[in-house]
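> structural data only, the sequence is not supplied:
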């Protein structure tokens, strides 16, 4: 199953994180991409409807999983990747380790991709 993961944060995040902390987190982000390289590719495709989204966001006791979209106009999508995994549970397990989730105001939306257009054939 393929999922698009969209990395979001609030515009205020850049001003709130000291440069040393940002560098440490970005080093972990680079390592995260290396660790999951076999399951991640960049690219775009049509997304399934927004009601199919699952969001993993910063919580006071660690990452929190919620049904539905979380991204709103006040947030910025900083980038995206495509995960090719067995199912949503595997996608969530990988996204829960996203280093930026250690920072308040960050989240990752997980949305299934439309990969089979045969359902639209008449």
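Great, that's in hand. Everything numeric here is computed off the predicted structure, so don't read it as measured data. Residues are numbered from 1 along each chain as shown.
> just list whatever residues bridge to residue 113.
Residue 113 forms beta bridges with residue 47, as assigned by DSSP bridges.
> for residue 9, that is, sorry about that
Assigned bridge partners for residue 9, using DSSP bridges, are residue 76, residue 106.
> what's around it, how many residues?
19 (other CB atoms under 10 Å). (C-beta placed from N, C-alpha, C; glycine too.)
> in this structure it contacts residue 105, no?
Yes: if you go by CB atoms under 8 Å, residue 9 and residue 105 touch, sitting 5.5 Å apart.
> need the overlap of contacts for these two.
Common neighbours of residue 9 and residue 105, using CB atoms under 8 Å, 6 or more residues apart in numbering, do not exist here.
> and the next helix or strand past the helix or strand where residue 33 lies?
Residue 33 belongs to helix 19-35 when assigned by DSSP states H and E. Once helix 19-35 ends, the next helix or strand along the chain (criterion: DSSP H and E) is strand 40-41.
> report all helices and strands that that next one contacts.
If you count contacts as 3 or more CB pairs under 8 Å, 6 or more residues apart in numbering; DSSP states H and E, strand 40-41 packs onto strand 76-84.
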